[in-house]
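A.B. asks: Coordinates for the following, if possible.
(chains A and B)
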Amino acid sequence: MTGKTHRQDFKAYAADYGQRYGILIALVLVCVALSVANEFFLTQRNIINVLRQASINGILAIGMTFVILTRGIDLSVGSVVALAGVVSASFATTSATAGIAGAPYGFYIAISIGILVGMAAGWINGILVAYFNVPAFVTTLGMLSAARGLTLLYTGGRPVPSLTPEYRYVGTGDVFGIPMPIILFAVVFIAAFLVLSSTRFGRHVYAAGGNPHAARVSGINVKRVRMMVYVISGALAGLAGMILAARTGSALPQAGIAYELDAIAAVVIGGTSLSGGVGRVTGTLIGALLISVVNNGLDLMGVESYYQQVIKGMLIVAAVMLDQARHKHA
Amino acid sequence: MTKLLKTMTLAAAFMGSTAAIAQDVPRIGAAVYGLNAEFMQLWAAALEQHPAVVEGKVNVTIFDGRYDALVQQEQFETMITQGFDAIIFVPIDIEAGATAVQAAHDAGIPVVGSNTRVNSDLLLSYVGSDDVQSGYMEARYVLDQIGCEGGVVIIEGPIGQSAQIERLEGNMQALAECPDVTVLEQQTANWSRAEAQTLMENWLTRHGDNIKGVIGQNDEMALGAIEAIRGAGLDVNDFAIAGIDGVTDALMAVKNGDMASILQDGAAQAQGALDVAIAAVLDGYEPMSPIWEQYADMPWNGGTDAEYNVPWTPVTAENVDALLEMRQ
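C.D. replies: From the prediction side, this is the model:
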């Protein structure tokens, strides 16, 4: 009797352990394999490249984690990246034609505008999902289309070029040799980690996603929580859009197409359940890193980019299978 | 009731009169593959600024194909139903566009191709630029800069698009003239600046300063490579970099001495195609666009040539300011 319980305990424990660390183990294994296969992989420069390439998707994926934890989805982040990018850039360009009257404005104004645009898009998503009960898939699909259209209207399809050096610092600057995108990614990660693990709002996010009815009964304002996660996702999409514009040197209206898919992939690979309430932002971090490491490694080995897509697809499915296995044991 | 009747009569009279006006001048539809990118924006703007449109000699309607061959096909059906007099066609897909051309041909509506090719012999004429030539020109520039030796990388457009296929053919013709040049990497970045930036970052890690030249099949991707080089703390001037199209950011990069670009004159392609289309509809029409004077190498010949080849213009330190001026 006790033996069986122990075995069950062990099984559950092993499954939980596997779920919690399986993706980390996978990341370590891939890194070891790549460093054996390619002499450049473990160089400092390449590690910085991988982190920098992971940062935009990683920031989007962290916002997506909040949304998915509440059983939602945010398909609009790629379009919001473009919208926030072009609007904020129009405040930070020295071009007479692409900028808003009086541009360039100061760094903080341009950056605040970008975050606000992202938050506004997220707020509309959140209101519709939480208070009007429109399914998240439909709401954010609508925003995906509308935000892209607004981006094209705002720019007439043309890039916003000639960004001020201060603005470009967000994408190309560094502090003690660490590029700004990586620093911002780290800051966003730590903040999200703290919010989810040790604040009341964080607990409410898990509760609202795990069992909305019980959460409501215990006095949590579930609607407000569900709205807030979209505002967070939108704000982070705004930040990502500005990093992207600052990195590429112009805010492009075509930027960010299909970025939502990579963000969702990172969240799912990181073990956050699409049925809500279960998941960690550390998993998302590792998921985003894994995607970048695989892409980078295959580039370094001169493998055609089409394989990268196939491998990413297999990773997503494998991660969900792992997730299901855990649920069966638990 | 009488008031309602009155309103309806008025409305009917008004509609009738607009219809009459519309019938007076030929209606020409332009089906373009998509209006999201700068190049097609310039193309469309030039079409609307054509003197014949400005003076009201013809009515022009532009249809945004939204990068979907099926959408373009449906727009053709709409134009046929509405009885357009001629169609200018910039297809998304070289093969899928042929069905649409066939349908217009069956309805007796002449179709003039522009900018991108379609695999159909039913086109009245094609006004575009030879992508093989631009591919050769940009690669030749890079190879001349590096003295016909060393390593280069090629950043390609979406595999299978006519511009990617033809520009690559041109790239390869030039490379064949320099047997000492090695192609270190050759991958697609789908015309995207951000994708090209990531590719180039990873290539720089792998090949370091063995990369002497970057052949970008469009400007956006060449610009992405430049950002990657800067990001790696290297000097852009140590690389020979070229792109194609002459988008505004690239013009500024040329002015800055960072890269070379070859201007694809989308405005001339648009206005030329419209002149050919009008000539097919109005007897004795003389072309009104200034482009025929601008390009002496492309004679009008009564608007009956099967193909008009708009010349490429290399962007240089001398002409870049004038070109930038035109974008304002």
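
A.B. asks: How about the stretch 201-330 of chain A: which residue is closest to chain B?
C.D. replies: Across the stretch 201-330 of chain A, no residue is closer to chain B than residue A:299, which sits at 3.6 Å (C-beta to the nearest C-beta). Yep, even glycine has a C-beta here, placed from its N, CA and C like the rest.

A.B. asks: Now for that residue, how many residues are close by?
C.D. replies: 25 (other C-beta atoms under 10 Å in any protein chain shown).

A.B. asks: Now do the SS call for it.
C.D. replies: helix (DSSP: H, G, I helix; E, B strand; the rest coil).

A.B. asks: Quick one: residues contacting residue B:150.
C.D. replies: Contacts of residue B:150 were listed using C-beta atoms under 8 Å, 6 or more residues apart in numbering or on different chains, and they are B:180, B:181, B:182, B:210, B:212, B:213.

A.B. asks: should've said residue B:271
C.D. replies: Contacts of residue B:271 by C-beta under 8 Å, 6+ apart are B:46, B:47, B:50, B:289, B:291.

A.B. asks: quick one, phi psi at the last one?
C.D. replies: Dihedral angles phi and psi of residue B:291 (degrees, to the nearest 10) take the values phi -70, psi -30.

A.B. asks: got it, and the fourth one?
C.D. replies: Main-chain torsions, residue B:289, degrees, to the nearest 10: phi -70, psi 140.

A.B. asks: What about it, how many residues nearby?
C.D. replies: Using other C-beta under 10 Å, residue B:289 has 22 other residues around it.

A.B. asks: For it, give its distance to residue B:50.
C.D. replies: Distance of residue B:289 to residue B:50, computed by C-beta to C-beta, to the nearest Å: 6 Å.

A.B. asks: Give me the nearest residue to the residue of the stretch 201-330 of chain A closest to chain B, chain neighbours excluded.
C.D. replies: When the adjacent residues along the chain are set aside, residue A:299 lies closest to residue B:202, with 3.6 Å between them (C-beta to C-beta, 6 or more residues apart in numbering or on different chains).

A.B. asks: mind checking how far that neighbour is from residue B:70?
C.D. replies: The gap separating residue B:202 from residue B:70 is 36 Å, by C-beta to C-beta.

A.B. asks: Which residue of those two possesses the greater neighbour count?
C.D. replies: Higher neighbour count among residue B:202 and residue B:70: residue B:202, with 26 against 13, using other C-beta under 10 Å.

A.B. asks: and residue B:243, that one's in a helix?
C.D. replies: No: judged by three-state DSSP, residue B:243 forms no part of a helix; its state is strand.

A.B. asks: residue contacts, the residue of the stretch 201-330 of chain A closest to chain B?
C.D. replies: With C-beta under 8 Å, 6+ apart, residue A:299 has these contacts: A:305, A:308, B:187, B:198, B:199, B:202, B:203, B:206.

A.B. asks: tell me, what residue is most central in chain B?
C.D. replies: When C-alpha atoms, centre = their mean is applied to chain B, the residue found nearest the centroid is residue B:115 (4.6 Å).

A.B. asks: okay but that one is in contact with residue B:89, surely?
C.D. replies: No: with contacts counted by C-beta atoms under 8 Å, residue B:115 stays clear of residue B:89, the gap being 9.3 Å.

A.B. asks: what's the burial count for the closest residue to residue A:185 other than its chain neighbours?
C.D. replies: Distances taken as C-beta to C-beta, 6+ apart place residue A:55 nearest to residue A:185, at 3.8 Å, with adjacent residues excluded. A count of nearby residues for residue A:55, using other C-beta under 10 Å, gives 27.

A.B. asks: May I ask which helix or strand encompasses residue A:55?
C.D. replies: Element membership for residue A:55, per DSSP states H and E: helix A:44-69.

A.B. asks: Helix A:44-69 and the helix or strand hosting residue B:206, what's the angle between them?
C.D. replies: For residue B:206, the host element (DSSP H and E) is helix B:193-207. Relative orientation of helix B:193-207 versus helix A:44-69 (axes from the mean of the first three to the mean of the last three C-alpha atoms, to 10 degrees): 140 degrees.
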